[in-house]
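K.L.:
I would like to see how this sequence folds:
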Amino acid sequence: MQCFLKDADKQKRKNQTLHGIMANLRELIYESEDILADCQLQSREDNQCSNGWLECIYPPNLLCQYQTGKRLIEINEKITNIKQSIMSYLSPSITNDMGRRDASNDQFSRWSSPVYDHTQVVGLEDDTKKIKGWLCNADVGILKIGIVGMGGLGKTTIAQMVFNDRETEDRFERRMWVSVSQSFDEEQIMRSMLRTLGDASVGDDRGELLRKINQYLLGKRYLIVMDDVWSLDASWWSRISEGLPKGNGSSVIITTRLVEVLRKMEVSEARTHQPDILNDNNSWLLFRKIAFAGSGGECTNPELEKIGKEIVQKCNGLPLAIKAIGGMLLYKSHNHEWKRIADNFRDELGENDGTVMPSLQLSYDELPPYLKSCFLSFSLYPEDCVITKEQLVHWWIGEGFVPLRSGRPLTEAGEVCFSGLTNRCLVEVVEKTYNGTIHTCKIHDMVRDLVIKMAKNNAFFEVTGRGCRHFGIDTKMDRKQLAANHKLRALMSTTKTGEVNKISSSIANRFSECKYLRVLDLCKSIFEMPLTSLLSHIGFLQHLTYLSLSNTHPLIQLPPSLESLIKPYDFELEL
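P.N.:
Coordinates of the predicted model:
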């Protein structure tokens, strides 16, 4: 079934009828899994209340068992009918090849740990040098520098290289990095600036926030990076910049896709930089560093080199496109697989030429089914959100995304899934621990566009927030949202660093209505009700496998309802 869904996924993007059929199929699969979960729960309860030989005469819950069996038979019939309908849209070559490809595509054990060094940058050294030269020559007022270009060109990477450069650190006493993005709030930007300065102000108004920023920067030479600016209304920036100290050679770097944004923010044309696409040599160098990372970036197969260079040529020198296609081919070791990818890439280019989307779409299409579910989880998070690996892995395990492998602990298997996404360059590494393991991550905004589209197509997450199986809490949530999503499987805290969720009593009281919740992550939350009352409601969630209350109120004692949930079953609580 998983291989069948994978092939049907590729076809549905070209056929709206098939798209609707696939959505119905996935909803039926969700429903059948919920029914089976209820059966497992009922079975456990029956075993605990066993009456021995009396059950042979009076079987417990006989009517319930009959009704459940009838529902499952109806669902199986619907799934069979849908599968037959979908088969008519798939070519014979696809249906005949399913079994063989399904076996060859199980790459769980290949590259089970990170193999590509994400700190490596190719072909952007001259861009970095140019920006640094401008910074060093700034001595009067505030220098404004703009980096502009299409998505996936490397604008943010250039800004990061400049920002983290040793000479930059020595020159500027204060450095602030702010991700602005399409949906932003002026007050949040100010708080983000303060957080980079070590101030986690929460209750202040805009005037007080700006006054604090001024105090921190007064008499200092500072650098501010405003990354990924979209708004043509620069009034927010005018208000912030008016409160910044002037002079001392301080600088602001702005990255954007729109040159009009730079003009609105009063960046001169002389200090506007538009990166070039990578040349052929650098494109191939970047590609082989990723696609052949397992052999130190060296290609020893002439046939693969020939096919690889053909593929790279079609990436149009866009670093993100090259990284995505290279990360996907890291998991393909045979010539015939590379040839198939080259053919599929050619088809994708026919529909989306000149952007990074063909590479990203193909990389998604080639993901194993279990990794698709893991990847779709990123659709819940807001743009430019930094996410902990720990939260993702716990979620994937709790909801059953991580495949079971004999002899391998689930947490280790979850780490393998995470590495599968970072090695494919679909997920960016943000921060590592002292021993080199990945701690936090994020996704590129172009990757986010893809993951939201795929999540909607696969009934994983709906941006409008109705009829979802997965939902993210981003600073606040209302009762209507929870009521419209009573079949939730995962409710996740998706707030950005330094922000908190505000959960009212009326919402917390309704958690128990989401009876199919497997994962509940309420970290970084403020509750109106006492935590013990909240946990009493959570205790009714019989299918819950993971609960996180980290960075909330301290937990003093578990209520009886939650203790009974934890003891007999596999359950994990993080405080």
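
K.L.:
what's the span of stretch 438-452, first residue to last?
P.N.:
The stretch stretch 438-452 measures 24 Å between its terminal residues, going by Cα to Cα, to the nearest Å.

K.L.:
repeat for stretch 369-386
P.N.:
Taking Cα to Cα, stretch 369-386 runs 25 Å from one end to the other.

K.L.:
any idea how far Cys514 lies from Val121?
P.N.:
44 Å (Cβ to Cβ, to the nearest Å). Quick note: C-beta positions are derived from backbone N, CA and C, even for glycine.

K.L.:
neighbour count winner among these two?
P.N.:
Neighbours per residue, other Cβ atoms under 10 Å: of Cys514 and Val121, the larger number sits with Cys514, 22 against 16.

K.L.:
Apart from its neighbours in sequence, what residue is nearest that one?
P.N.:
Leu488 (4.5 Å; Cβ to Cβ, 6 or more residues apart in numbering).

K.L.:
any idea how far the one you found lies from Ser506?
P.N.:
Here Leu488 is placed at a distance of 17 Å from Ser506 (Cβ to Cβ).

K.L.:
One more: Ile21?
P.N.:
Going from Ile21 to Ser506 by Cβ to Cβ gives 38 Å.

K.L.:
who's more crowded, those two?
P.N.:
Taking other Cβ under 10 Å, Ile21 and Ser506 do not tie; Ile21 has more neighbours (19 against 12).

K.L.:
Name the spans of this structure whose pLDDT lies under the cut-off.
P.N.:
Applying pLDDT under 70 to the chain flags residues 1-17, 40-64, 89-114, 201-203, 350-353, 406, 463-466, 475-478, 553-573, 575.

K.L.:
Show me how it divides into domains.
P.N.:
Domain segmentation of the chain under automatic domain parsing yields 2-104, 132-273, 280-365, 370-574.

K.L.:
closest to Tyr116 out of the ones you listed?
P.N.:
domain 280-365 (4.4 Å; Cβ to Cβ).

K.L.:
end-to-end on that closest one?
P.N.:
Taking Cα to Cα, domain 280-365 runs 26 Å from one end to the other.

K.L.:
How far off centre is it?
P.N.:
Centre-to-centre, domain 280-365 and its host chain are 22 Å apart (Cα atoms, centre = their mean, to the nearest Å).

K.L.:
Then stretch 204-221?
P.N.:
Here stretch 204-221 shows a centroid-to-chain-centroid distance of 33 Å under the convention Cα atoms, centre = their mean.

K.L.:
buried set for that stretch?
P.N.:
Asp204, Leu209, Leu210, Lys212, Ile213, Tyr216, Leu217, Arg221 (16 or more other Cβ atoms under 10 Å).

K.L.:
Format those as JSON lines; extra columns: secondary structure.
P.N.:
Below are the buried residues of stretch 204-221 laid out as JSON lines (DSSP: H, G, I helix; E, B strand; the rest coil):
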{"residue": "Asp204", "secondary structure": "coil"}
{"residue": "Leu209", "secondary structure": "helix"}
{"residue": "Leu210", "secondary structure": "helix"}
{"residue": "Lys212", "secondary structure": "helix"}
{"residue": "Ile213", "secondary structure": "helix"}
{"residue": "Tyr216", "secondary structure": "helix"}
{"residue": "Leu217", "secondary structure": "helix"}
{"residue": "Arg221", "secondary structure": "coil"}
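
K.L.:
Out of the residues you listed, give me the two with the largest separation.
P.N.:
Farthest-apart pair in the buried residues of stretch 204-221 is Asp204 and Arg221; separation 25.3 Å (Cβ to Cβ).

K.L.:
Would you point out which residue is most central in this protein?
P.N.:
For the chain, Phe378 is the residue whose C-alpha lies nearest the centre (Cα atoms, centre = their mean; 2.4 Å).

K.L.:
Glu169: neighbouring residues, count only.
P.N.:
If we define neighbours as other Cβ under 10 Å, then Glu169 has 12 of them.

K.L.:
what's the closest non-adjacent residue to it?
P.N.:
In space, not counting the residues next to it along the chain, Glu169 is nearest to Arg175; the distance is 7.3 Å by Cβ to Cβ, 6+ apart.

K.L.:
quick one: that neighbour from Met193, how far?
P.N.:
Arg175 sits 11 Å away from Met193, going by Cβ to Cβ.

K.L.:
And those two? Which one has more around it.
P.N.:
Taking neighbours as other Cβ under 10 Å, Arg175 and Met193 compare with Met193 leading, 25 against 17.

K.L.:
In terms of helices and strands, where is the more buried one?
P.N.:
helix 186-196 (DSSP states H and E).

K.L.:
Go ahead and name everything in contact with the helix or strand hosting Lys306.
P.N.:
Using DSSP H and E, Lys306 falls within helix 302-313. Helix 302-313 is contacted by residues 280, 283-284, 287-288, 291, 299, 322, 325, 329, 335, 338-339, 341-342, 345 when judged by Cβ atoms under 8 Å, 6 or more residues apart in numbering.

K.L.:
Please repeat the previous calculation with a cut-off of 10 Å.
P.N.:
Helix 302-313 is contacted by residues 278, 280, 283-288, 291-292, 299, 301, 321-322, 325-326, 329, 332-335, 337-339, 341-342, 345-346, 359, 362 when judged by Cβ atoms under 10 Å, 6 or more residues apart in numbering.

K.L.:
And the next helix or strand past it?
P.N.:
Going down the chain from helix 302-313, the next helix or strand is helix 319-329, by DSSP H and E.

K.L.:
Distance check, Gly436 against Val429.
P.N.:
11 Å.

K.L.:
For the stretch 1-150 of the chain, which segments count as helices?
P.N.:
Here the stretch 1-150 of the chain has its helices, by DSSP state H, counting those that start in this stretch, at 2-12, 16-48, 54-57, 62-87, 92-104, 125-136.

K.L.:
List the contacts of Lys155.
P.N.:
Going by Cβ under 10 Å, 6+ apart, Lys155 touches 124, 127, 146-149, 227-228, 253-257, 273-275.

K.L.:
Recalculate using a threshold of 8 Å.
P.N.:
Counting by Cβ under 8 Å, 6+ apart, Lys155 has contacts Ile147, Val148, Gly149, Thr255, Thr256, Arg257, Pro275.

K.L.:
measure the first one to Ala159 for me?
P.N.:
Relative to Ala159, Ile147 is positioned 6 Å away (Cβ to Cβ).

K.L.:
Over to the fourth one?
P.N.:
Counting by Cβ to Cβ, the gap between Thr255 and Ala159 amounts to 5 Å.

K.L.:
Any chance you could list what contacts whichever strand or helix holds Lys480?
P.N.:
Taking DSSP H and E as the criterion, Lys480 maps to helix 479-483. With contact meaning Cβ under 8 Å, 6+ apart, helix 479-483 is reached by Gly465, Phe471, Ser504, Ser506, Ile507, Arg510, Phe511, Glu513, Cys514.
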